[in-house]
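Trainee: return atomic coordinates for the entry below.
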Amino acid sequence: MKKFLVKPIFTLIILAISLVSCQEEDLPKANFNTSLVTSIDAAPSHEKVVLSWIKPAQDLPVAYRVSWTPRGETADLATTETSYEISGLEINKDYIFAVQAIYKESVSGKRNIEVTIPDEINFKAFAGSKFVQLQWNSPNRDDLVGYELITSADSQTFQLDKNTTSYVVANLENGTEYSFTLTPKYQNGLGNLIEQAATPGFVEMIFASKDLVNSGESIDFSYNPAFLLNQEIATYSWDFNDGTTDATQDPTHSFSKPGKYEISLEIVDTNGTSYSSTKIIDIVGINWEFAVSTHIKTGTSLRGSDGTLYIGNSAGDFYALNPDGTEKWTLSLGGDIYGGCPVQGSDGTIYITNRNGNLYAISQTGTINWTFATDNANGIWGSAAIATDGTIYINDEKANFYAVNSSGNKIWSYAHGGGTSSPAIATDGTIYFGSKDKNLYALNSDGSLKWNYTTGGSVECSPAIGANGTIYFGASDKIFYAVTSEGTLQWSYNFEVEKTAGTAVIGEDGTIFIGARDEKFYAFNAGGGLKWTKDGFGRFIFVTATLDANGYLYVGDERGDLYALNQENGDTLWKIDTGKIFSSPTIGENGNLFIGTLIDSNSAPTARFLSIYGATDALADSSWPTARGNKNQTGRNP
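Mentor: Residues are numbered from 1 along each chain as shown. Model prediction:
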């Protein structure tokens, strides 16, 4: 008997039917020249599926083999059989079922079908005051004989007949969480148990299957019968706050536009007494998009102090957008803005670099105040950093590191091995940056060398600085480093397969988050221990995550998905298809965030800058919550 939690999914998804080759240890070698079964079909029900297939059109097999994953089980059948029932499957789980035709000297390839086993019971627990009402649906199973219900209240067990679909557990303590397990009983034994939990106390009138979904996804709403136990309701009046209403007890609704919705329900009982309640639902999706001529790469956008959004693209266009996504002004700077994030100084001036080798100081009205030109034809790939005294630091590809004053004049420069790393400034004024000569450099504010730490590869990613002064960075030797403010190694982690792809960010509890080009995202505790990893991203992550104060991180991948992940364990809160991403998210107000995309020749003839409602909170209050350290992107500890 297996235990798992209910996560309501009501739609059967048959994702794909595909042909793959195979070679089983105890079967003859697979041969595409032998005939496959003509087709395969699946009829799933609760914890069970019935497979059926049509025999090969030409050759007559001597047997069939049915296999399924992830359990890795098989069954061999006589050639007269063209259907097979598999039971004991987990609900809401994806399975791949395959049928092969076995011949005397060979075996055909597999004919596959992928099926999600539905939850037909939909077990729910409604908490009331000192009681919990349990409800469920009867599964579509002819072999159902009843249910076994176990409650954590005095470890009571109840045997219920197959026609029972609700039960009230009474005499409970308010404020105490109770667990309830329901196990269907079949003719051949017990099924998988399903568990729910509820805490008696204040009674919510509205129950929702989910309180956060992507736009267009359905939510099942229910009136909580525990709200007025044993009281008949005469009318239901739902208002979804999107112009639609419903008068049924348990409606299903989807929202086409993203945002935060306050759902309301008014009920009237048979005595004429009315009751009302509300519930907040978050709908994730794209608010608006702004088309740009070409790629938005690596850099993150800036949300200025007045709400203006600043972005650059690889054609050298620098845009200022109003908060509603309309264009405010555009400058053509000529050189690719690749990796360069806009930065806002204390006086409101916007600074941006590009691959012409220039640093620009731009007013909020779009006027270029001044330009500082380096002597590097290969340009600047990283962002500027601004110290508390207004000094601006930049790193160019020719191996010069510059300090420039707020008037655009050079204060000093420092020669090194060249690099794309953006500077990071510590609270004591020390400036850190990486170089292609395999060093992380620490400079004093007067341009003198404080120390350098040598790695086994070029240091092209920008460093992040922890609250205790520790510097975190990756190198092309596939190693992620934590170095103290004195320049000694604190700990390191070898990714082995691929190097890190972006700058680390640091959570409020000191957790360090970093993406690597092995299609994984990593979380380390402050001592270097691996906290969790998350895979399933695109080919690699080129970008840096952004952390919010509500405990979530936001990161995109090259495949074209933007994720919201739980900082504690890496679980996905939501995922949205945006188009290919090489830039980092920017957090705005009212639950919104912003991200730039690449041109995709297959689906997106132009790159896009997107405003997305993601139920985000404010930027995390940590030492380095975003690619450039703070909301103004000055490259220093907040």
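Trainee: okay, now the unreliable bits of the stretch 251-400 of the chain?
Mentor: Residues of the stretch 251-400 of the chain meeting the criterion pLDDT under 70: 298, 376-378.
Trainee: what are the ranges of the strands in it?
Mentor: Residue ranges of the strands in the stretch 251-400 of the chain, as given by DSSP state E, counting those that start in this stretch, are 252-254, 259-269, 274-292, 302-303, 309-312, 317-321, 327-332, 343-344, 350-353, 358-362, 368-373, 385-386, 392-395, 400-404.
Trainee: of all those, which lies closest to residue 464?
Mentor: With C-beta to C-beta, the closest approach to residue 464 among the strands of the stretch 251-400 of the chain belongs to strand 385-386: 12.3 Å. Heads up, the C-betas are built off the backbone N, CA and C, glycines and all.
Trainee: tell me which helix or strand the residue positioned nearest the centre of the chain sits in.
Mentor: Closest residue to the average C-alpha location of the chain: residue 563 at 2.3 Å, with C-alpha atoms, centre = their mean. Secondary structure assignment for residue 563, by DSSP states H and E: strand 561-566.
Trainee: direction included, what does that strand pair up with?
Mentor: For strand 561-566, the paired strands and their directions (DSSP bridges) are strand 552-556 (antiparallel), strand 572-577 (antiparallel).
Trainee: that older thread, closest one to residue 517 among the strands of the stretch 251-400 of the chain?
Mentor: strand 392-395 (22.0 Å).
Trainee: take the strands paired with strand 561-566 and write them to TSV, including distance to residue 287.
Mentor: Listed next are the strands paired with strand 561-566 as TSV, based on distance: least, C-beta to C-beta, whole Å:
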stretch	distance to residue 287
strand 552-556	15
strand 572-577	12
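Trainee: between these, which gets nearest to residue 264?
Mentor: Taking C-beta to C-beta as the criterion, strand 572-577 is the member of these that comes nearest to residue 264, at 24.2 Å.
Trainee: distance between the closest one and the chain's centre?
Mentor: The gap between the average C-alpha position of strand 572-577 and the chain average comes to 4 Å, counting by C-alpha atoms, centre = their mean, to the nearest Å.
Trainee: check stretch 140-154 too.
Mentor: Using C-alpha atoms, centre = their mean, the offset of stretch 140-154 from its chain centre is 36 Å.
Trainee: endpoints of it, how far apart?
Mentor: Its start and end residues considered, stretch 140-154 measures 32 Å (C-alpha to C-alpha, to the nearest Å).
Trainee: for that stretch, which positions count as buried?
Mentor: Of all the residues in stretch 140-154, those buried under the rule 16 or more other C-beta atoms under 10 Å are 141, 144, 147-151, 153.
Trainee: same list (the strands of the stretch 251-400 of the chain) but as TSV, adding distance to residue 464.
Mentor: As requested, the strands of the stretch 251-400 of the chain are arranged in TSV below (distance: least, C-beta to C-beta, whole Å):
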stretch	distance to residue 464
strand 252-254	40
strand 259-269	32
strand 274-292	27
strand 302-303	18
strand 309-312	22
strand 317-321	26
strand 327-332	30
strand 343-344	16
strand 350-353	19
strand 358-362	22
strand 368-373	26
strand 385-386	12
strand 392-395	16
strand 400-404	18
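Trainee: what's the domain layout of the chain?
Mentor: Taking automatic domain parsing as the domain assignment, the ranges for the chain are 3-116, 124-198, 206-285, 293-613.
Trainee: can you give me the end-to-end span of the third one?
Mentor: Which is domain 206-285. Between the start and the finish of domain 206-285 there is a gap of 24 Å, counting by C-alpha to C-alpha.
Trainee: and among the domains of the chain, the most buried is which?
Mentor: Highest mean neighbour count of those: domain 293-613, a mean of 20 (counted as mean count of other C-beta atoms under 10 Å).
Trainee: how far does that domain sit from the chain's center?
Mentor: Its chain's C-alpha centre and that of domain 293-613 lie 20 Å apart, by C-alpha atoms, centre = their mean.
Trainee: out of the strands of the stretch 251-400 of the chain, the one nearest residue 455 is which?
Mentor: Nearest to residue 455 among the strands of the stretch 251-400 of the chain is strand 392-395; the distance by C-beta to C-beta comes to 16.6 Å.
Trainee: what sits up against the closest one?
Mentor: Identification of contacts with strand 392-395 by C-beta atoms under 8 Å, 6 or more residues apart in numbering yields 351, 353, 359, 372, 374, 380, 382, 384-387, 401-406, 419-423, 425, 431, 433, 635.
Trainee: who does it pair up with?
Mentor: Its sheet considered, strand 392-395 pairs with strand 385-386 (antiparallel), strand 400-404 (antiparallel) by DSSP bridges.
Trainee: distance to residue 479 added to those strands, as a markdown table?
Mentor: Compiled in a markdown table, these are given as follows (distance: least, C-beta to C-beta, whole Å):
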| stretch | distance to residue 479 |
| --- | --- |
| strand 385-386 | 24 |
| strand 400-404 | 23 |
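Trainee: quick check: which of these is nearest to residue 413?
Mentor: strand 400-404 (5.0 Å).
Trainee: quick revisit: distance to residue 630 added to the domains of the chain, as JSON lines?
Mentor: Written out in JSON lines, the entries for the domains of the chain read as follows (distance: least, C-beta to C-beta, whole Å):
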{"stretch": "domain 3-116", "distance to residue 630": "37"}
{"stretch": "domain 124-198", "distance to residue 630": "40"}
{"stretch": "domain 206-285", "distance to residue 630": "26"}
{"stretch": "domain 293-613", "distance to residue 630": "10"}
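Trainee: of these, which is nearest residue 619?
Mentor: When those are ranked by proximity to residue 619, the top entry is domain 293-613, at 5.1 Å, counting by C-beta to C-beta.
Trainee: got the end-to-end distance for that closest one?
Mentor: Distance between the two ends of domain 293-613: 24 Å, counting by C-alpha to C-alpha.
Trainee: ok, stretch 455-469 next?
Mentor: Terminal-residue distance, stretch 455-469 (C-alpha to C-alpha): 19 Å.
Trainee: also stretch 537-550?
Mentor: End to end - C-alpha to C-alpha - stretch 537-550 spans 23 Å.
Trainee: quick one: residues contacting residue 206.
Mentor: For residue 206, the contact set (C-beta under 8 Å, 6+ apart) comprises 221-224, 263, 265, 277-279.
Trainee: so where's the stretch 1-150 of the chain uncertain?
Mentor: Across the stretch 1-150 of the chain, residues meeting the criterion (pLDDT under 70) sit at 1-34.
Trainee: run through the strands of it in chain order.
Mentor: In chain order, the stretch 1-150 of the chain shows strands spanning 3-5, 19-20, 39-45, 48-54, 63-69, 73-78, 83-87, 94-102, 110-116, 124-127, 132-135, 144-151, with DSSP E, counting those that start in this stretch as the criterion.
Trainee: also the stretch 501-638 of the chain?
Mentor: Listed in chain order, the strands of the stretch 501-638 of the chain (DSSP E, counting those that start in this stretch) span residues 505-506, 512-516, 520-524, 530-534, 546-547, 552-556, 561-566, 572-577, 586-587, 592-596, 607-613.
Trainee: compute the inter-axis angle for the second one and strand 552-556.
Mentor: So that's strand 512-516. Our comparison of strand 512-516 with strand 552-556, counting by axes from the mean of the first three to the mean of the last three C-alpha atoms, to 10 degrees, yields an angle of 20 degrees.
Trainee: which residues touch strand 512-516?
Mentor: Defining contact as C-beta under 8 Å, 6+ apart, one finds that strand 512-516 is touched by 464, 466, 472, 474, 480, 482, 495, 497-507, 521-526, 537, 540-541, 543-545, 547, 553, 555, 567.
Trainee: the same query, at a cut-off of 7 Å, please.
Mentor: Residues from elsewhere that reach strand 512-516 (C-beta atoms under 7 Å, 6 or more residues apart in numbering): 472, 474, 480, 495, 498-502, 504-507, 521-524, 541, 545, 553, 555.
Trainee: check the last one too.
Mentor: Identification of contacts with strand 607-613 by C-beta under 7 Å, 6+ apart yields 258-259, 284-292, 294-296, 301, 311, 313, 325, 562, 576, 578-579, 591-599.
Trainee: still on that earlier bit, closest one to residue 332 among the strands of the stretch 501-638 of the chain?
Mentor: Proximity to residue 332 (C-beta to C-beta) singles out strand 607-613 among the strands of the stretch 501-638 of the chain, at 15.9 Å.
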